[in-house]
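1. sequence isn't available, so here's the structure alone:
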């Protein structure tokens, strides 16, 4: 069965600290990978995506993620977080063929202290 | 222009009522989805439609009935609402396996 695991459920950081959120997926075929952010009271917005090519992808607001195929991982990073990064972060995958179905991880709640 | 719009944004209703949530996308996508986000923020897919055809029905109670009059619209009708149906419902659309675009969400509260 397809699944996505996010290991950190709650993360609290001070401003300027570095961030890394883990994401592992389980799927027998090729997938596209995504990180979405949900600010309080808002809808999900795409941070970045990986389809193919360079496994290190850069997204908006200084976020980046690295796809490690051998580890089935797609970890999200940011060198220096800001108070405005306080939000819920979701990792998601969808197969590249067949039935398109975005499977989400359980989310990581990030709180950045000013 | 809002890419994926859903109405209403808030819906408060009594148990046993029937309600509908509407969703429209102007992105030209072939595939639309309904997701349910519970109080713990967990996002679970409910339905997926591709070109008006139901593709995914993830063991959702049959009180929930999606309807897609055309590929730009996917509405969700819920019969006999229960307390446990309280959640935020998100509509989304995508073009094949590219990124999904989400609506603003409908916060449903059943009292």
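-> Perfect, I can see it now. Everything numeric here is computed off the predicted structure, so don't read it as measured data.

2. can you pull the contacts of the residue nearest the centre of chain B?
-> Centroid-nearest residue in chain B, with Cα atoms, centre = their mean: residue B:34, separated by 3.4 Å. Listed by Cβ atoms under 8 Å, 6 or more residues apart in numbering or on different chains, the contact set of residue B:34 reads B:23, B:45-47, B:66, B:74, B:76, B:89-92. Every C-beta, even on glycine, is put in place using the N, C-alpha and C of the backbone.

3. same thing but 6 Å
-> For residue B:34, the contact set (Cβ atoms under 6 Å, 6 or more residues apart in numbering or on different chains) comprises B:46-47, B:76, B:91.

4. tabulate these (a markdown table), appending secondary structure and pLDDT.
-> Below are those laid out as a markdown table (DSSP: H, G, I helix; E, B strand; the rest coil; pLDDT from 0 to 100):
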| residue | secondary structure | pLDDT |
| --- | --- | --- |
| B:46 | strand | 94 |
| B:47 | strand | 93 |
| B:76 | strand | 97 |
| B:91 | strand | 97 |
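
5. rewinding a little: what lines up beside the host helix or strand of the residue nearest to the centre of chain B in the sheet?
-> Using DSSP states H and E, residue B:34 sits in strand B:31-37. Strand B:31-37 sits in its sheet next to strand B:43-50 (antiparallel), strand B:87-94 (antiparallel), going by DSSP bridges.

6. please identify the most buried of those strands.
-> Comparing the strands paired with strand B:31-37 by mean neighbour count (mean count of other Cβ atoms under 10 Å in any protein chain shown), strand B:87-94 ranks first with a mean of 24.

7. and residue 22, how many neighbours?
-> Just so you know, I chose chain A. Per other Cβ atoms under 10 Å in any protein chain shown, the neighbour tally for residue A:22 reads 15.

8. oops, I was thinking of chain B
-> By the criterion of other Cβ under 10 Å, residue B:22 has 17 neighbours.

9. tell me which other helices or strands whichever helix or strand it is part of touches.
-> Using DSSP H and E, residue B:22 sits in strand B:19-25. Judged by 3 or more Cβ pairs under 6 Å, 6 or more residues apart in numbering or on different chains; DSSP states H and E, strand B:19-25 is in contact with strand B:4-7, strand B:73-78, strand B:87-94.
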